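>>> need coordinates for the below:
(one chain, ligands or ions: 1)
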Amino acid sequence: MSVATHDHSDEHDAHGPEKGLMRWIRTTNHKDIGTLYLLFALVMLFVGGLMALVIRAELFQPGIQFVNPDFFNQMTTMHALIMVFGMIMPAFAGFANWMIPMMIGAPDMALPRMNNWSFWLLPFAGAMLLATLLMPGGGPASGWTLYPPLSLQAGDGFPFTIFSIHLLGISSIMASINIIVTILNMRAPGMTLMKMPMFVWTWLVTAYLLIGAMPVLAGGVTMLLTDQFFGTSFFQAAGGGDPVLFQHIFWFFGHPEVYIIILPAFGIVSQIIPTFSRKRLFGYDSMVYATASIGFLSYIVWAHHMFTVGMPLAGELFFMMTTMLIAVPTAVKVFNWISTMWRGSLTFETPMLFAIGFLFMFSIGGFTGLMMAIVPLDFQYHDTYFIVAHFHYVLVPGALFAALGGAYYWLPKWTGHMYDETLGKWHFWLSTIFVNLLFFPQHFLGLAGMPRRIPDYATQFTDWNLVSSIGAFGFGFAQLLFVWIVVQCARGGQKATSQVWDHPEGLEWTVPSPAPYHTFEEAPLVK
Ligand code: CU1
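Numbering: from 1, shown residues only. Down below sits the predicted model:
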């Protein structure tokens with residue numbers, strides 16, 4: 001594949017490509033913006049991760065050791081907001097920016113200037129959110145769900161928290177508009193919808209979910225704001241309002257949000273597994289329909305987060321049934337991934353290890369999700385560490401492992417170099433061992449009755465909390481290895497060939513699309 005003719009000057013004016021910092025601030029190139037998203041996500045992984053380590057340090061043994069209870073609550077709240085909005089969503093937006101145009105044969109995203117704006121809102125929104133920790137009364141401490149009336153007891157940072165959520169939402173919506181317009185309008189001739197790589201399909205559905213869900217969150221937090229500062233009482237019983245209304249609004253956003261996070265992960269895994277099985281993806285059409293039906297179902301299950309608020313029985317049954325229904329398209333996907341591997345010429349490079357790890361451990365999170373869908377069981381699990389264990393299996397060895405697998409998979413194409421395979425495997429195995437030490441014992445703690453979001457606990461919970469905290473610090477340090485591998489790969493190493501992984505169908509961008517301009521030997525190196 002010849003890419004030597006593709007230089008960078010067409011993205012800018014006649015003066016040619018910009019250099020230095022201004023290049024990154026003013027870039028409209030989807031690869032640059034993808035890189036910015038990915039680097040931002042990596043930084044936030046460590047910011048949110050440090051907060052998790054504060055939590056696990058405090059929970060290492062019973063009693064109050066390091067932080068006061070209010071700061072502990074700020075840590076649990078911030079950790080979640082940062083990881084969801086600042087880390088995993090920007091990470092997948094980075095993958096989308098890099099890969100979608102190349103996968104569908106488009107020269108760039110459809111709306112490149114808006115693309116720049118979508119990204120550059122993020123550092124400011126993130127900084128404002130973090131700044132609330134330094135304001136009088138501290139940051140939000142009511143959990144990332146911001147349930148009133150507790151969330152209305154917040155300190156001076158409260159309006160800043162809400163404004164930063166608005167900015168993060170605007171960023172996501174602009175990115176989604178861009179992705180939808182790009183996919184629907186800029187596919188190369190012959191690239192019909194049902195030929196698009198699965199990663200593109202999962203992002204198309206995700207973008208629609210974002211456009212449907214984010215405004216609902218924006219509305220809900222705006223109502224919190226007016227309740228606090230403008231004398232309304234949407235959620236205040238004293239004024240005739242209903243705090244449960246907020247829970248409905250929040251989870252009407254919050255459940256689709258779960259799939260906003262996991263669908264791109266499904267997409268990445270659907271790219272990796274066929275490559276390292278040397279086979280086509282099994283059941284492509286059913287994969288597409290499963291993705292679409294998960295997208296639809298994700299909008300009619302929200303109240304499974306609220307079984308204990310005192311809903312009518314008919315409501316509980318409805319949300320129990322619809323929730324269990326999502327297991328069907330999800331199982332179709334797992335079946336297809338396993339069938340893709342079946343009798344394939346499997347090899348187990350780092351991306352494949354992360355994909356297989358995803359398959360096993362995401363399924364653990366899926367099965368505990370089914371357990372919680374059952375109303376009478378949820379009455380027992382509600383607000384315990386079992387819930388914490390469940391969604392962390394979905395999000396960490398689930399979504400994060402898919403993102404790490406995707407990073408290893410595409411790093412050679414992004415940087416032009418191979419990463420260190422031995423270190424990559426170390427990273428996978430250390431992460432897998434520690435992530436299970438970290439989260440598996442939390443199932444036992446939850447079943448034994450340990451509540452979540454509490455800085456202290458009864459002494460019978462000591463042993464498993466100790467194991468969990470050791471797992472947390474091990475997992476955190478293992479991610480430093482990832483940074484080292486990425487830096488090493490970006491700075492040099494063995495050159496990647498145009499066919500990085502030995503796959504019969506060649507590159508992911510099999511369509512006439514320019515390869516990354518600074519990726520392969522024959523391409524000019526733009527600094
Ligand atoms: Cu949910």
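
>>> okay, which residue is most central for the protein?
Ile88 (2.9 Å; Cα atoms, centre = their mean).

>>> need the residues that contact the helix or strand of the chain at the bottom of the mean pLDDT ranking.
Ranking every helix and strand in the chain by mean pLDDT, DSSP states H and E puts helix 20-26 at the bottom, with a mean of 88. For helix 20-26, contacts defined as Cβ atoms under 8 Å, 6 or more residues apart in numbering pick out 17-18, 32, 36, 116, 120. Glycine gets a C-beta too; all of them are placed from N, C-alpha and C.

>>> just the buried residues of it, please?
23-24 (16 or more other Cβ atoms under 10 Å).

>>> do the same with stretch 326-336
Buried residues in stretch 326-336 (16+ other Cβ under 10 Å): 326-327, 329-330, 332-334, 336.

>>> for Ser469, what are its contacts?
Neighbouring residues of Ser469 by Cβ under 8 Å, 6+ apart: 56-57, 59-60.

>>> what about these, which are in helices?
Among the contacts of Ser469, DSSP state H puts 56-57 in helices.

>>> got the contacts of Ser469 as TSV, with neighbour count columns?
Formatted as TSV, the contacts of Ser469 follow (neighbours: other Cβ atoms under 10 Å):
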residue	neighbour count
Arg56	19
Ala57	15
Leu59	24
Phe60	17
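
>>> and which of the contacts of Ser469 is nearest to Val483?
Distance to Val483 across the contacts of Ser469 (Cβ to Cβ) is lowest for Arg56, with 20.2 Å.

>>> what about the contacts of helix 20-26, which are in helices?
With helices defined by DSSP H, the entries of these inside them are 32, 36, 116, 120.

>>> could you give the number of residues near the nearest residue to Gly105 once chain neighbours are set aside?
Closest residue to Gly105 apart from its sequence neighbours, by Cβ to Cβ, 6 or more residues apart in numbering: Ala188 at 2.7 Å. Number of residues near Ala188 (other Cβ atoms under 10 Å) recorded here: 14.

>>> for Ala188, give me the backbone phi and psi.
Backbone torsions of Ala188, given as degrees, to the nearest 10, read phi -70, psi 160.

>>> about what we covered before: possible to save the contacts of Ser469 as JSON lines with distance to Asp456 and pLDDT?
Output for those, formatted as JSON lines (distance: Cβ to Cβ, whole Å; pLDDT from 0 to 100):
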{"residue": "Arg56", "distance to Asp456": "14", "pLDDT": "98"}
{"residue": "Ala57", "distance to Asp456": "13", "pLDDT": "98"}
{"residue": "Leu59", "distance to Asp456": "9", "pLDDT": "97"}
{"residue": "Phe60", "distance to Asp456": "12", "pLDDT": "97"}
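
>>> from the contacts of Ser469, which is closest to Gln488?
Proximity of these to Gln488 (Cβ to Cβ) peaks at Arg56, which lies at 28.6 Å.

>>> quick one, what contacts the closest one?
By Cβ under 8 Å, 6+ apart, the neighbours of Arg56 are 438, 468-469, 472-473.

>>> mind checking which of these land in strands?
Within those, no residue falls in strands by DSSP state E.

>>> how many neighbours does Leu121 have?
20.

>>> show me the shaky parts of the stretch 301-450 of the chain.
Regions of the stretch 301-450 of the chain meeting the criterion pLDDT under 70 are absent.

>>> so where do the helices sit in it?
Along the stretch 301-450 of the chain, counting by DSSP state H, counting those that start in this stretch, helices occupy 313-325, 327-341, 350-373, 375-381, 385-394, 401-415, 421-447.

>>> do the stretch 101-250 of the chain as well
Using DSSP H, counting those that start in this stretch, helices in the stretch 101-250 of the chain cover 112-131, 158-185, 198-229, 243-277.
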